[in-house]
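**Q** just coords:
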């Protein structure tokens, strides 16, 4: 089941394009936020966020 919390995490990452700042916005730790996003992606069966060491970008599906 997809949770409202996971969707809030996704919106926070989309707004900030930064996992640390998104975690602060959601009042959780960065590993908690990352795990929530990963679980959401696993449940949907698709990648919503492209991550590199230096940048975070939303995939087209993640942006929608």
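**A** Yep, that arrived. Worth saying up front: this structure is predicted, and the values here are computed from it rather than measured. Numbers count the residues shown, from 1 in each chain.
**Q** Mind jotting down where the helices sit in the protein?
**A** All helices of the chain, identified by DSSP state H, fall at 4-16, 19-26, 30-44, 60-63.
**Q** Select, out of those, the one closest to residue 51.
**A** helix 19-26 (7.8 Å; Cβ to Cβ). (Glycine included, C-beta is placed from N, CA and C.)
**Q** So which bits of that closest one are buried?
**A** 19, 22, 23, 25, 26 (16 or more other Cβ atoms under 10 Å).
**Q** for those, which one is nearest residue 6?
**A** Using Cβ to Cβ, residue 26 comes nearest to residue 6 of the buried residues of helix 19-26, at 10.5 Å.
**Q** Contact partners for residue 9?
**A** 22, 26, 28, 33, 36, 37, 40 (Cβ atoms under 8 Å, 6 or more residues apart in numbering).
**Q** returning to what we had before: how about TSV for the helices of the chain, with distance to residue 51 added?
**A** Shown next, in TSV, are the helices of the chain (distance: least, Cβ to Cβ, whole Å):
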stretch	distance to residue 51
helix 4-16	10
helix 19-26	8
helix 30-44	9
helix 60-63	11
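**Q** By mean pLDDT, show me the worst of those helices.
**A** For the helices of the chain, mean pLDDT drops lowest on helix 60-63, to a mean of 80.
**Q** Mind giving me the packing neighbours of that one?
**A** Counting contacts by 3 or more Cβ pairs under 8 Å, 6 or more residues apart in numbering; DSSP states H and E, helix 60-63 packs against helix 4-16.
**Q** What lies in contact with stretch 41-59?
**A** Residues contacting stretch 41-59 (Cβ under 8 Å, 6+ apart): 1, 2, 10, 13, 14, 17, 18, 19, 37, 40, 61, 62.
**Q** now the end-to-end length of that stretch.
**A** By Cα to Cα, to the nearest Å, the extent of stretch 41-59 from end to end equals 11 Å.
**Q** count of neighbours near the closest residue to residue 9 other than its chain neighbours?
**A** Once flanking residues are discounted, residue 9 sits nearest to residue 36: 4.5 Å by Cβ to Cβ, 6 or more residues apart in numbering. Number of residues near residue 36 (other Cβ atoms under 10 Å) recorded here: 21.
**Q** now swap in residue 12 and tell me
**A** Neighbours around residue 12, by other Cβ under 10 Å: 20.
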